[in-house]
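# got a predicted structure plus its sequence, pasted below:
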Amino acid sequence: TQLLEQSPQFLSIQEGENLTVYCNSSSVFSSLQWYRQEPGEGPVLLVTVVTGGEVKKLKRLTFQFGDARKDSSLHITAAQPGDTGLYLCAGARGQNFVFGPGTRLSVLP
Amino acid sequence: NAGVTQTPKFQVLKTGQSMTLQCAQDMNHNSMYWYRQDPGMGLRLIYYSASEGTTDKGEVPNGYNVSRLNKREFSLRLESAAPSQTSVYFCASSEADRTSYEQYFGPGTRLTVT
């Protein structure tokens, strides 16, 4: 059983469309991180959210941490082919992070 | 700065063989980690080292050993490889053992055990 669930597992959209991916858990996390991973490379941190209800924006990406700090969402506006990749969420657990299985996004030109 | 480097990039082993995966970071980070990544499973923590001279088990430590050789280097050893250890292995480092700190990942080692 995954501590962190991510949905959808796969998403294929056209350039210019908007999308939202989700990260859910029954556990409370003190903080949550989102990473993007490209083929053949390691994950790269996009954002860390700490406070329940927190919203952070990174250009066309908007991240929200749920009020109860159990879930998070990532919204991408006007997706571009460069957004293609595996999006991973990771929740802080003790001194380490627990990772979700990821959402694999493909943005077609 | 090279960041986090890992060697080798690819490796094929036969069941029962041993090998060591090497990891080094040049960011003067205290904490280092070894993860494995399998399809549909995300990244799972094998071992971590909060500081030089200390190591602790993560979620999936069985079949692995680690050595924090110095502040820069953290190696992962498979004493007797099994097909279940076929995976992509990532090393990461962070500034401290605080969970709000960014983890920097290496490019990974793709290991196949036949």
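Now that the structure is in, tell me what you want to look at.
# tell me the gap between stretch A:89-107 and the middle of its chain.
7 Å (CA atoms, centre = their mean, to the nearest Å).
# need the contact list for B:Thr15.
Counting by CB atoms under 8 Å, 6 or more residues apart in numbering or on different chains, B:Thr15 touches B:Ala81, B:Ala82, B:Pro83, B:Val113, B:Thr114. (C-beta placed from N, C-alpha, C; glycine too.)
# and the two most separated of these?
Taking CB to CB as the measure, the contacts of B:Thr15 reach their widest spread between B:Ala82 and B:Thr114, a distance of 10.6 Å.
# more neighbours, those two?
Using other CB atoms under 10 Å in any protein chain shown, the more surrounded residue of B:Ala82 and B:Thr114 is B:Ala82, with 13 against 10.
# show residues contacting stretch B:22-30.
Applying CB under 8 Å, 6+ apart, the contact partners of stretch B:22-30 are B:1-7, B:32, B:34, B:50-52, B:71-76, B:91, B:93-97, B:104, B:106.
# mind listing which of the residues you listed are in strands?
Taking DSSP state E, the ones among the contacts of stretch B:22-30 that sit in strands are B:4-7, B:32, B:34, B:74-76, B:91, B:93-94, B:104.
# now the buried members of those residues.
Neighbour-count burial (16 or more other CB atoms under 10 Å in any protein chain shown) applied to these gives B:Val4, B:Gln6, B:Met32, B:Trp34, B:Phe74, B:Ser75, B:Leu76, B:Cys91, B:Ser93, B:Ser94, B:Tyr104.
# in the sheet, who's paired with the first one?
Going back to what we said before, that points to B:Val4. Under DSSP bridges, the beta-bridge partners of B:Val4 are B:Gln25.
# gap between it and B:Gly53?
Plainly put, B:Val4 is 20 Å away from B:Gly53 if you go by CB to CB, to the nearest Å.
# now do the phi/psi pair for B:Pro83.
Dihedral angles of B:Pro83 (phi, psi; degrees, to the nearest 10) stand at phi -50, psi -30.
# hmm, B:Leu111 and it touching each other?
No - with the criterion set as CB atoms under 8 Å, B:Pro83 and B:Leu111 do not qualify as a contacting pair; they are 10.7 Å apart.
# of those two, who's got more company?
Set side by side, B:Pro83 and B:Leu111 give different neighbour counts by other CB under 10 Å, the larger being at B:Leu111 (20 against 11).
# what sits closest to that one if chain neighbours are left out?
If you skip the residues right next to it in sequence, B:Leu111 has B:Gln11 as its closest partner in space, 5.1 Å away by CB to CB, 6 or more residues apart in numbering or on different chains.
# equivalent analysis for B:Lys9, please.
B:Thr109 (6.3 Å).
# list the contacts for the residue nearest to B:Leu111?
Counting by CB under 8 Å, 6+ apart, the residues that B:Gln11 touches are B:Met19, B:Leu21, B:Thr109, B:Arg110, B:Leu111, B:Thr112.
# the fourth one: which element?
Taking DSSP states H and E as the definition, one finds B:Arg110 inside strand B:109-113.
# the helix or strand of chain A with the lowest mean pLDDT pairs with which strands, and in what direction?
Ranked by mean pLDDT, DSSP states H and E, the helix or strand of chain A with the weakest confidence is strand A:96-99, at a mean of 87. Strands adjacent to strand A:96-99 in the sheet, as given by DSSP bridges, are strand A:85-93 (antiparallel).
# perfect, that will be all.
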